[in-house]
Structure formats: C-alpha cells, structure tokens
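Enquirer: kindly generate the corresponding structure for this input.
(chains A and B)
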Amino acid sequence: MVDFHEIERKWQEEWRKSRIFEAEPDERPKFFITIPYPYLNGNLHAGHTRTLTIGDAVARYMRMNGYNVLFPMGYHVTGTPIIGLAERIAKKDPETIRVYTEYHDVPLEELLKLDTPEKIVEYFSREATKALKSIGYSIDWRRTFTTMDEPYQKFIEWQYWKLKEKGLVVKGSHPVRYCPNDENPVEDHDLMKGENATIVDFTVIKLYSFEENLVVFPCATLRPETVFGVTNLWVNPEKDYVVAEVNGEKWVVSKEAAEKLVHQEKEVKIIKEVKGKDVVGNLVVNPVLVAMLAEELLEFASGDLKKLFEELCKIKDRKERIAKVVENIEFIVKELILLFKEVKNSTLRMVVVPILPASFVDTDNATGVVMSVPAHAPYDYVALEELKKSSEFKELASIEPIVLIKVEEYAVPAKEISEELGIKSQNERELLDKATKIVYRKEFHKGVLLDNTLYPGMHVSKVKDVLQRDLIELGIGDIFYEFSEKPVVCRCGAKCVVKIVRDQWFLNYSNPEWKKKVFELLDRMRIIPDYYKEEFRNKVEWLKDKACARRKGLGTRIPWDKEWLIESLSDSTIYMCYYILAKYINAGKLKAENIKPELLDYVFLGKGKAEDVAEKSNLSKEIVEEIRREFEYWYPVDLRSSGKDLVANHLLFFLFHHVAIFPPELWPKAIAVNGYVSLEGKKMSKSKGPLLTMKRAVSEFGADVTRMYILHAAEYDSDADWRRKDVENLVAHLNRFYALMEEYYTKDVEGCFLDRWLISRMQKAIKETRKAMENLQTRRAVNSAFFEVMNDVKWYLRRGGKNPQIIFDDWLKLLAPFIPHICEEIWHKKHNSFVSVESYPEYDESKVDQVAEVAEEYIKSLMDDIKEVLKFVDAKVVYIAPAEEWKKEVAKVALEAKNFKEAMKELMKDEKLRSMGKEVSNFVKKVLKEKELVDLDERKVIEENIEFLEKELGVKVVVDESKVPEEKRKSSMPGKPAVYAE
RNA sequence: GCGGGGGUUGCCGAGCCAGGAAAAGGCGCAGGGCUUAAGACCCUGUCCCGGAGGGGUCCGCGGGUUCAAAUCCCGCCCCCCGCACCA
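Expert: Just a heads-up that it's a prediction; the model follows:
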C-alpha cells in the first residue's frame, strides 16, 4: 500500500512553491474558467467536490493543451443563512450543534466559538481553503476574496449604479411570508410548518349590496373569468365575519381576512362583528353582468335608472360599459335591488344574486366570501342542489347554472361531473376536490370563453392575468395574497401571513429589451449538455422582476437607498471580473479607497483616460493601465461550470447582468451544468445531514481517489452516488496502478512484437479521452484514460508483453488532469519537470497499427471460438483451417463500397442475401471495421501465437486444413477460421 | 398544470441524435487459478435451450416504417427535477 496522502502533500507543496498555477497574462491563448463560489454556512461537501473537480480537470486539461489558464476561487457570505447560523450557535441550538459536529466535522469547542457571522466566515473560509488545497485544485490563490470585503462592496455599488443608470433597477412592492409576532419576513429555516407553501394571488372581485350605503362583498377566486357565471355568493353561516372600513369602502369579510388585509397594504377599521348567517339572504349586484346585460335590463327600468341604461346601451365597448356602471354603482345597486324585489325575472336574477350559506367555505382562506358558479365549480353545484332541498332556502336557491366556458365533452361541466361521480353533499370533500380538478384541467387547457364574457373566444389558460388586470383597473377588482398550503407556522409558534413589502427595489428582468439581449447571448454561447440551452431559454422567458433588496442579512447597501441591502444572489452576477482586481487588492496595490467608479469604468468598460482615472483614484497611471490590460486579457469568461441547482437562478442572473453591463465581445462563452452527489443513495443535506465533507473524503481516501471517483461516478446532469464500497474498490485500482508503474516505469525496453499493438491502442485512448474532455464528459474521459488503458496493459502483459512502460509517459500525461498527485510522483522518477504543465498527448495517426490491432482481435475471437467448441468436446488437439482464398476475394468486393451503409445497400439488392440480412450485416460490419482482416495472413498470425493459445486453452493447436472435415471448412470466413477438435 | 430530463438484461449504467453482433463497463453472484487459509489479485461464466462455434427470447406498454428497430414514426402508461426572490 502506498501512502497517497504523503505524495499528495508533497506535490501540493511543490506546486505552490513553483507557482505554476498562478496565472499572469502572456502571449499564449487564455482560458478563463470559473466555478460559482461556495456559500460558507458550512464546510465544503461532496456536491462542491463534484463541480470543482470537473472544473479543475478542465483547467488542468486546458493548461496542458497550451492555454494560459486562470482558475480562481472566492467565497460567498452575503445573505441571511450565516446570520441565522450564528444566532443558532449562540443559542446553542441542539439540532444545529448535532449537524455541525456530526456532519460538518466541526469540533464542538470550535463550533461554540462561532457565535457571530464574522467568526463563521473566518472559520469556514479557512477550512474551505484548506480543503481546496488538500484536494489539489490548480487554483490561483492570489485572487481569493469574500463578498463582505470592503473593496468587493465598492465593486457591487458600482455595478448597481450602472444598472440604475440603465433603468434596470426599479421600485415596486411584492408579497413575502411574514411573521406578525416577530414582525419580520420568515426564511425557510425559520419555519416550523409549511415549507412547501407558495404564495398565490387570489383575484378579489367586488359585488355590491346596499343598506344605508354601499356594502362591498369582496369575493376571492383563482378563476376570475367565472365572474360571468355567478349565481349567488357563499359565506359560512357558523363562522365569524366583520363589517369593516377597508380603504374607505365598507367591506364584509371573514374575521381572519380582516387581520390579513392589514398586511396587504389595506387600512382596516372594524365597524362590527357579525356571524355568517347574519348576512345570508342579502342581495348583491354583479356590476360586470349589469354591463353585459344592459340591453335586457333596459326593459324593466324606469325613471333615472332607465336613462342610465339607455346611456349604457350606447357604449359598445364592454369594458368601457363596465366602467360606466362602476361610476354609478351606488345608484345602480340601490335601484336594482329594489327592482328585483318587485320583478323577479330571469335577467334580473342574473345581476342581483343572493348570499347563501355553505359549510365548505373556509373563512381562513382569502376573504371568506366566495362567488358561486355552479356551471363550472362542483362545490358550488352540489351545495346549491343541497339547498334546493332545504325548506328555508328553496326559493332563493332555485337558480340555473350559467355556462360561460365551452369545452368539448360537457355542456354544464360541474353538473355532469358531479353527477358522474355521484356526489350528493358538499361534505364529500375528497370527491369534490377530484371533480374540481377534472373540471379545472379540462377547462383550463381546452376551454374557450363564450359570448357572454368579456373576451369571447379567448382560451381560459390566457384569460386570468388579463382579466385580473382589467378588474383592478375598473376598480372592482383587487388581489388577495394567500398561502397555497396551510398552516404556515413560524418557529416562534405564530401563524405566518402574507405581507406586502412596499417600495422594494427590483431588477427589471421582465424588461423585453433586456431579455432580447439574453436570448442573443444564449444563441451564441455553448451550453453543456446542449439540451440545457432550451431549458435556459424557457427560464429566461419565464423570469419576472426580482426583488433585489433586503432589510436583513450580510451584504452591500444599495448605494442610493442605504436602508436596503442588496440581496445575496443579486450581488453575485458579474463578480468573475473581480478576480482581476482581487490580485491587486491582495497584493496591497489596490485598496478600497482607490476603487472609485471612474476606476471601474476604465478597467471594465474602457471609459475615460488613464491619467484622469489615476488621479481620481489616487493610483499611478501605470497600475491603472496594467489592471485594464489584465482585464482585457482574461475577459470574457470562457467557461462557467456549475451544479444544476443554479440554472434557474444564479446562472440566469449571470447572463442577464453580463449583457446589461458588458459589450457583446465580453459576454461569457460557455456554461456547463453537472448533477448532484448523493450518499449511499441518500440525498445530502447541509442543514440536516447526511453530508460528506470534502475534507473528510480526502483525509479518508486521498485526493486522487476522491477526484477520480467523483469524475467517474456520473456524467453531465445525472446524479452521482458516493458509495463507500466502490470508493474502496477504486483505492485498490489506484494501488495496482501505482505498483504497475513502480515495477516498469524506469525499466529498459527490450523490444517485443506486441509493442506496436500497445502503442496503437494508446492512440485510441488519447483520441477518446480528448474527445470526451472537449465535451466535458469526465466519466467517459476517465473511463478511456484509465480503465480502458489498464485493460489493454493487462492484456498486453498476459500475452507476454515485456515493455508496458513504452506508453507510460503518455499515460501519465493523459491521467494528470484527473489524478495529478500520483502522476506527478511517478513522473518525477524519470523527469525533472511537472507533468501538470507538460503537453497533453496528441493523437498520432502514424502510430496506429491497424494490422497489429486486427491481429489481436483475431486471436481473441479465435480463442473464444475454440473455447466454445471445447465446451462440448473433450479434445486434446484443435485443428484450424483459415478461410479459402476465394472467400477473401468476395470480401474484397464487398469492401469496394465506401461505408457500411453503402455496402449494405448494394448487398441488400440481392434477394438471397436479403433473407440473411442479419448475418450479412454482421460480416460486413466486421470486415469494414477491420479492413486489414482480408489481407491478414491468418496462418502466420496463428503460428506466431501458437504457444500462447496452447497455454491459454490447454490443448494442442495445429494449423492444418487437411485435418478439418469439409463440412466444417464450408463455414469458414475471412477472420473466422474453421475449427475442428478431437 | 407548464417546462426540461428519463424508463435498457439481478442492481448501477453505456448505446438512441447519424437503424445493422444478447446489447460496453462496473457491482453482485458462481466456478477455476494463486494461496497453509481468508482477503486481495488473475482467468471464466452469469436471459433460456444446446454433446461443435448454433438456436430462441429480449431494451416501460401497444401499433407502424424497414431486408433489419433499444435506436426512426404514432398513441399510451409511469418516474425524476424546476416553477422563484432562497442559497
């Protein structure tokens, strides 16, 4: 057993001393690779290890291919989790202590000291650096930083001023999860219950009643289009409601809703408390339908009301007509209700509807007042049917459903589906939910709005946003934010609510101009694997404005509004260019006070004159110019390699901000995405465990083992599984590799006929490995560079080869990006240079010896054939007869064709051959793959290897046509001699 | 629901875009070798049948195209991931 740890430490130290990974601009082509900096609320783990190791392998590969490679690393610390962690450690939260001692491997006494964010950052950045060094990444350590560094904050400020100037940071408000008890927004980890709850926006539609003055019944719905089919309202008769003044209007809502509204930018003054049943029986007017049905209503109106309706009828635009109704709402409501009491005809019944009791109404959901649309909502239909049977509400409930959506299969969907499922009562919740789902699905995807709506012909899937906006514009709509799941409970035990945060700063990602540029960038950049390009396009499409300001957390303040901190994903978008500054900052050549906007304008955007900038920032002209030159040399980013979890957020912002700040020639060139790492099949979790830290993996198995395992465990976005057993297996593999190298590497070459074969095989491995690396397929690369070559070497030795070392130099170089320490150690047994900066092996066609390869294949397949025969015959001698000459001639003819397809096409014209398509294809494929086969002197090859065959097979082997019976000889083919055993 | 990715022989997992070998590789299992022995290592086998290198069946399900389908086309079923302001 070799002590890999010692080797690893040794070469890490040598690399450091020789500074081979410190990147300075020079005349070589450059390659700038970046990995998203890790967030330091814990130790680096196997997930980081995967992304970083892929990055390092690529960095090393490109370096060996003659590129000047810059591979830097920083640390992300802004945001709230570190603060939360510090608080929990200070409180000695037992779960936190368990996870951090057990999984993050922080010694208890150390952990307890980490009671402030600063100490946490200090500790974990030190640990991270140790871990990254111990695994041997080729990072330029002079460029590291954390996002709380003062110069970094200057850089972020500059960036936000730029965005502001371009109008890309705008003000707005948005809903957040909020704890009324703590008076604070609630983070995920501060939740006791309801982690999966999302915030949904109910459309509130106002229907109006009248007593003394106007009373608003704000109905909450997720389907605003159903306002055209309202037949009544529902309230829960047993629950508490309030009459309250809400932003100057008199509203009736549930007691819970009144409390929630306070957080949603509403001024709420409670006038009185009532029970649901107190408002049952009230009549309300649906202003939307009043407008829609103005012509018919005109017939029944008289006096001023008639005049008003005459005016309404003149307005052809339905939306304008609604506006007119709203303008006169109080008068209309009052009059229509009076009219309704006298004339109960079907038209009036549609615009003046009763409030009815329903037990299914949840007063803790939105306003607690809902519209009833029996044609399209099974709950409504069933509840109404029930009421029709009760004596008390028979009269009021005798209502016909109003259909407003056309779907293929149903006339009155809610009715038909409820009947199909045999639902009798509104208490059959499970069935009703099922029915609702069916109706919703059908209508949402295939439903089209009918003529009795504002948008006839529009698809239901499109209408929600449009209508919500219209209703709000008209003053009869509103939004009520509610959780999708309940309850949502804060750690403090209080129920969370949705709160609207006002005057928040937003990144205006919905800006079409901005998006257009991102699409341009996507078109020209490489995304690996390629199907993620489509994914990215969809996400760009979907991205809306993002709140980029916070009240709480670590970070940089918004420079023009210091109340706010810049949100932590929003300060991590173009920081790759900061690595250029970081080198000067760490060297003491650049200080926070030097970093003026003018300097950054000059360095990053080429604006201004060096002299002016130098004076302004109190630096020498030379250094200003040097930084600018260095930036120009390294930028743009050539590859950003990342875990797939960052696709829908960070990587997207990375693209958006680059196109916003930089000219097209500085836009990133490529993004690569990789999958997660699980632990013995279990998902890892930073905050709950299980977790394997990078440090532990390396100290237990070694850097090279860890690297190679993780590179080989999975490809692209598929997930890798860390299995101890497999890792231990790999340790054994690498030990064997090392032993093999030690045995042969420095030995003299004796010369052996098989050498050409081994060298030829090596060329294939080089070609394969290079191809895999160009596509960032590390699994494939490791497979061909290590396992396949290893198998060839084994075969070579088994065949009696004496000089495997003839390929060892190439082999070491081939493997250096993956297992650099072991390669370096062995390499130095013969060389004084670093293999890490040697040239990567080139595929050399002239070294490919197809004849030698075909001959080996021939021997292998002959062995298989003989073994197959020996399975059935207990023989002492095997006679072999190569195919007759004329058969070779036929094969040659087949070979005239350019390729397999051509050959097959030609041959398949023959009726007879067609019936044997499979056999023919097999043969042609074989011959084409190994063209040399037809020219192979089979007799000679066998005779040269007779000793080997006899040893392997344990029988005597003789090439003698005369001993092979005629019927056996018939079946021989070039490459497949007849065999006879006796 | 929308969007993206999948379903391969005991398991993991290549192959699919560019149709052509029961289908790479690994794990597991079985036999043999090496060993005092175990482990490691090296061979061999691992869908079914077969006393001659052969035959049969096979890649989620059902159709189709073709001399030939895991691969192409159509329909269906199932699984994973994202849907946000959180890193």
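
Enquirer: burial check on A:Val789, number of neighbours?
Expert: 26 (other Cβ atoms under 10 Å). Every C-beta, even on glycine, is put in place using the N, C-alpha and C of the backbone.

Enquirer: can you pull up the bridge partners for A:Val957?
Expert: A:Val878 (DSSP bridges).

Enquirer: surely it touches A:Lys951?
Expert: No - here A:Val957 lies out of contact with A:Lys951, judged by Cβ atoms under 8 Å, at a distance of 10.0 Å.

Enquirer: pLDDT below threshold where in the stretch 51-200 of chain A?
Expert: Along the stretch 51-200 of chain A, the parts satisfying pLDDT under 70 run over A:188-190, A:196.

Enquirer: what does it put close to RNA strand B?
Expert: Neighbours of RNA strand B within the stretch 51-200 of chain A, by Cβ under 7 Å from any atom of the strand: A:His76, A:Gly79, A:Thr80, A:Pro81, A:His174, A:Val176, A:Arg177, A:Pro185, A:Glu187, A:Asp188, A:Thr198, A:Ile199.

Enquirer: just those residues: which are in strands?
Expert: Using DSSP state E, A:His174, A:Val176, A:Arg177, A:Pro185, A:Ile199 are the members of those that sit in strands.

Enquirer: residues in contact with the helix or strand where A:Ser699 lies?
Expert: Using DSSP states H and E, A:Ser699 sits in helix A:694-701. Helix A:694-701 is contacted by residues A:5, A:43-46, A:48-49, A:105, A:127, A:130-132, A:134-135, A:706, A:709, A:722, A:727-728, A:731 when judged by Cβ atoms under 8 Å, 6 or more residues apart in numbering.

Enquirer: next helix or strand past it?
Expert: Remark: after helix A:694-701, the chain's next helix or strand is helix A:703-712, criterion DSSP H and E.

Enquirer: what's that next one in contact with?
Expert: Contacts for helix A:703-712 (Cβ under 8 Å, 6+ apart): A:4, A:8, A:46, A:49-50, A:53-54, A:56-57, A:134-136, A:677, A:694, A:697-698, A:701, A:720, A:722, A:726-727, A:730-731, A:734, A:778-779, A:781-783, A:786, A:818-822.

Enquirer: of the residues you listed, grab the buried ones for ChimeraX.
Expert: With 16 or more other Cβ atoms under 10 Å as the criterion, this ChimeraX line picks the buried residues out of those:
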select /A:4,8,46,49,50,53,54,56,57,134,135,136,677,694,697,698,701,720,722,727,730,731,734,778,779,781,782,783,786,818,819,820,821,822
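
Enquirer: okay, and which of the contacts of helix A:703-712 map to strands?
Expert: Using DSSP E, those in strands are A:Val677, A:Ala720, A:Trp722.

Enquirer: just to revisit the earlier point, just the buried ones among the residues of the stretch 51-200 of chain A next to RNA strand B, please.
Expert: A:His76, A:Gly79, A:Thr80, A:Pro81, A:His174, A:Val176, A:Arg177, A:Pro185, A:Glu187.

Enquirer: specify which member of the residues you listed is nearest to RNA strand B.
Expert: Relative to RNA strand B, the closest of these is A:Gly79; by Cβ to the nearest atom of the strand it sits at 2.9 Å.

Enquirer: with adjacent residues omitted, what lies nearest to the closest one?
Expert: Computed as Cβ to Cβ, 6 or more residues apart in numbering, the closest residue to A:Gly79 that is not its neighbour in sequence is A:Ser568, at 3.1 Å.

Enquirer: give me the phi and psi for that neighbour.
Expert: Phi and psi for A:Ser568, reported as degrees, to the nearest 10, are phi -80, psi -20.

Enquirer: over to A:Tyr578?
Expert: Per degrees, to the nearest 10, the backbone of A:Tyr578 is at phi -70, psi -20.

Enquirer: just to check, it is in contact with A:Phe145?
Expert: Yes - the pair formed by A:Tyr578 and A:Phe145 meets the contact definition of Cβ under 8 Å, at 7.0 Å.

Enquirer: now do the end-to-end distance for stretch A:547-559.
Expert: Distance between the two ends of stretch A:547-559: 16 Å, counting by Cα to Cα, to the nearest Å.

Enquirer: and what of stretch A:742-761?
Expert: Termini of stretch A:742-761 sit 22 Å apart (Cα to Cα).

Enquirer: now it: mean pLDDT?
Expert: Mean pLDDT, stretch A:742-761: 90.

Enquirer: which intervals of chain A have sub-threshold pLDDT?
Expert: In the predicted model, chain A carries pLDDT under 70 at residues A:1, A:188-190, A:196, A:889-890, A:893-902, A:904-932.

Enquirer: where does A:Leu797 sit, in terms of helix or strand?
Expert: Per DSSP H and E: helix A:789-798 holds A:Leu797.

Enquirer: enumerate every residue touching the closest residue to A:Arg537 other than its chain neighbours.
Expert: Sequence neighbours aside, A:Leu522 is the residue nearest to A:Arg537 in space, at 6.0 Å (criterion: Cβ to Cβ, 6+ apart). Contacts here follow Cβ under 8 Å, 6+ apart; on that basis A:Leu522 touches A:Lys533, A:Phe536, A:Arg537, A:Val540, A:Leu655.

Enquirer: for A:Val518, see how far away the third one is.
Expert: Taking Cβ to Cβ, to the nearest Å as the measure, A:Arg537 and A:Val518 are separated by 9 Å.

Enquirer: what about the two, which has more around it?
Expert: A:Val518 (24 against 15).

Enquirer: that one and A:Leu655 touch, don't they?
Expert: Yes - in terms of Cβ under 8 Å, A:Val518 counts as a neighbour of A:Leu655; the distance is 5.2 Å.
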